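Undergrad: how would this look folded up:
(chains A and B)
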Protein chains: 2
Amino acid sequence: MITGHVFIATSLDGFIARPDGDIGWLLERDDPAEDHGYPSFIADKDAIVMGRGCYEKVLTMGEWAYDRPVLVLSRQLADKPVPEGLKGRVRFSGSTPVDAMAQLEAEGVRRVYVDGGQLVQSFLRDGLIADLVVTTVPVLIGAGRPLFGALPHDVSLALESSRHFPSGLVQSTYRVLR
Amino acid sequence: MITGHVFIATSLDGFIARPDGDIGWLLERDDPAEDHGYPSFIADKDAIVMGRGCYEKVLTMGEWAYDRPVLVLSRQLADKPVPEGLKGRVRFSGSTPVDAMAQLEAEGVRRVYVDGGQLVQSFLRDGLIADLVVTTVPVLIGAGRPLFGALPHDVSLALESSRHFPSGLVQSTYRVLR
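TA: Residues are numbered from 1 along each chain as shown, chains lettered A, B, ... in the order given. I've put the predicted structure just below:
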């Protein structure tokens, strides 16, 4: 069965970006000498699903960073062509999270990296997330784009592991309990 | 110089209580056999400051739990009498956080436990918090009373320590950087 997996950083007050999308507060607290586990996280994922906000943010960061097939869920982009340089690596879809996961599963995908705040919220609401790696950055930014949002019911989690880094990042891995 | 100190629990999505004040989700995940450090935290505090919401919540929980002088900051309670059973242990004040801390300092108080979400937010905005012990409970509740709020500027933190418990609680101690 196909499962969704989250690997995301947040300020201590729960924001993944400032209101305008800025993540300088995160980048300036990142120590490139520390291995925060992304390589081992992505190693067993077959595909990446992200929302439009996340896709457009990644586009602004220069080189395309992903070596996995990316599905961008966006009604707005669904009937637009994929940019020339990203063909074969990126697809656009207007599907719901449930339908998108069913489509990916039919294609043989099993483990999906779900990226971007809004999409993580939708996938959590629809019960499509199996686990989350949440990395907390030691700063309060006061306002921004929240990692989590409204839910139809509580989502109980089991802490799988937690570790911290000299940079002050705290990284906790949670499994979603059904 | 007087300093404010926070020791508080939050859901992973940043709430200290449900919209109606309920903390059952927290209590049911608390393992009384685990020492989460409150006794050693409170040992070197001279006084406790809380807001009305927190005070009224504590009143509903039966026996008065605090063995330190408590100052309740509330314009609404400021001119009300303290309940008979709490005289000598509780005072009400309509002061601002800055004035309340100055008053406590004049009385010889040095280290203050600042409790309750709204008050923690006010004290953070006014630069009155020296450090925070934040205990994250492994659940998403979707809505409620937020631990953190708007800020006039970023608050940079240094991670002092982080540990986790078999119950799944993750407890991180942050020092506020000036």
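Undergrad: use CA for all of it now, contacts and neighbours both
TA: Will do.
Undergrad: residue nearest the centroid of chain A?
TA: Centroid check for chain A by CA atoms, centre = their mean gives A:D115 as the closest residue, at 1.8 Å.
Undergrad: what's the burial count for the nearest residue to it once chain neighbours are set aside?
TA: Leaving aside its sequence neighbours, A:D115 sits nearest to A:M50 (CA to CA, 6 or more residues apart in numbering or on different chains; 4.9 Å). A:M50 has 22 neighbours, counted by other CA atoms under 10 Å in any protein chain shown.
Undergrad: tell me what A:M50 is bridged to.
TA: A:V72, A:D115 (DSSP bridges).
Undergrad: what sits against it?
TA: Each residue near A:M50 by CA atoms under 8 Å, 6 or more residues apart in numbering or on different chains is listed here: A:70-73, A:114-116, A:119.
Undergrad: now do 10 Å
TA: Listed by CA atoms under 10 Å, 6 or more residues apart in numbering or on different chains, the contact set of A:M50 reads A:56, A:70-74, A:92, A:113-120.
Undergrad: show me just the buried residues among the residues you listed.
TA: Neighbour-count burial (16 or more other CA atoms under 10 Å in any protein chain shown) is assigned, among these, to A:70-74, A:92, A:113-120.
Undergrad: closest to B:K45 among the residues you listed?
TA: Relative to B:K45, the closest of the buried ones among the contacts of A:M50 is A:G117; by CA to CA it sits at 38.7 Å.
Undergrad: nearest spatial neighbour of the closest one, skipping sequence neighbours?
TA: Spatial nearest neighbour of A:G117, excluding adjacent residues (CA to CA, 6+ apart): A:L147 at 4.9 Å.
Undergrad: surely that neighbour touches A:T10?
TA: Yes: using CA atoms under 10 Å, A:L147 is in contact with A:T10, at 6.9 Å.
Undergrad: shared neighbours of those two, anything?
TA: Residues touching both A:L147 and A:T10 (CA under 10 Å, 6+ apart) are A:16-17, A:117, A:134.
Undergrad: flag the least confident of these.
TA: Lowest pLDDT of these: A:G117, 89.
Undergrad: any idea what A:L132 is bridged to?
TA: Taking DSSP bridges as the rule, A:L132 bridges to A:V6, A:Y174.
Undergrad: contacting residues for A:E63?
TA: A:E63 neighbours (CA under 10 Å, 6+ apart): none.
Undergrad: quick one, grab the pLDDT at it.
TA: At A:E63, the predicted lDDT confidence score is 85.
Undergrad: now do A:Y113
TA: On pLDDT, A:Y113 comes in at 98.
Undergrad: so which helix or strand takes in it?
TA: In this assignment (DSSP states H and E), A:Y113 forms part of strand A:111-115.
Undergrad: what does A:A158 give?
TA: Per DSSP H and E, A:A158 falls inside strand A:155-164.
Undergrad: tell me the buried residues in that strand?
TA: For strand A:155-164, a neighbour-count test (16+ other CA under 10 Å) marks A:155-159, A:161-162, A:164 as buried.
Undergrad: between those, which is nearest B:A43?
TA: Each of the buried residues of strand A:155-164 was scored against B:A43 by CA to CA, and A:H164 proved nearest at 26.3 Å.
Undergrad: which ones are touching the closest residue to that closest one other than its chain neighbours?
TA: Among residues not flanking A:H164 along the chain, A:V170 sits closest, at 4.3 Å (CA to CA, 6+ apart). By CA under 10 Å, 6+ apart, the contact set of A:V170 is A:9, A:12, A:36, A:134-138, A:162-164, B:159, B:161-163, B:170-172.
Undergrad: quick one, phi psi at A:V170?
TA: phi -120, psi 120 (degrees, to the nearest 10).
Undergrad: next: A:L27.
TA: Dihedral angles for A:L27 - degrees, to the nearest 10 - are phi -60, psi -40.
Undergrad: what about it, distance to A:S156?
TA: Per CA to CA, to the nearest Å, A:L27 is found 30 Å from A:S156.
Undergrad: follow-up on the earlier one: quickly note the distance from the residue nearest to the centre of chain A to chain B.
TA: 17 Å (CA to the nearest CA, to the nearest Å).
Undergrad: correct me, but A:D44 touches A:R110?
TA: Yes: counting by CA under 10 Å, A:D44 touches A:R110, with 9.4 Å between them.
Undergrad: out of these two, which sits in the busier spot?
TA: A:R110 (17 against 12).
Undergrad: who touches that one in this structure?
TA: A:1-4, A:44-47, A:101, A:104.
Undergrad: one more pass at 7 Å, please.
TA: For A:R110, the contacting residues are A:1-3, A:46, by CA atoms under 7 Å, 6 or more residues apart in numbering or on different chains.
Undergrad: tell me which of those residues fall in strands.
TA: When these are checked against strands (DSSP state E), the matches are A:T3.
Undergrad: which of the contacts of A:R110 are buried?
TA: A:2-3, A:46.
Undergrad: tell me the one of these nearest chain B?
TA: Taking CA to the nearest CA as the measure, chain B lies nearest A:T3 of those, at 18.9 Å.
Undergrad: on that earlier part again, need the max-distance pair from the buried residues of strand A:155-164.
TA: Pairwise distances across these (CA to CA) peak at 24.2 Å, for the pair A:V155 and A:H164.
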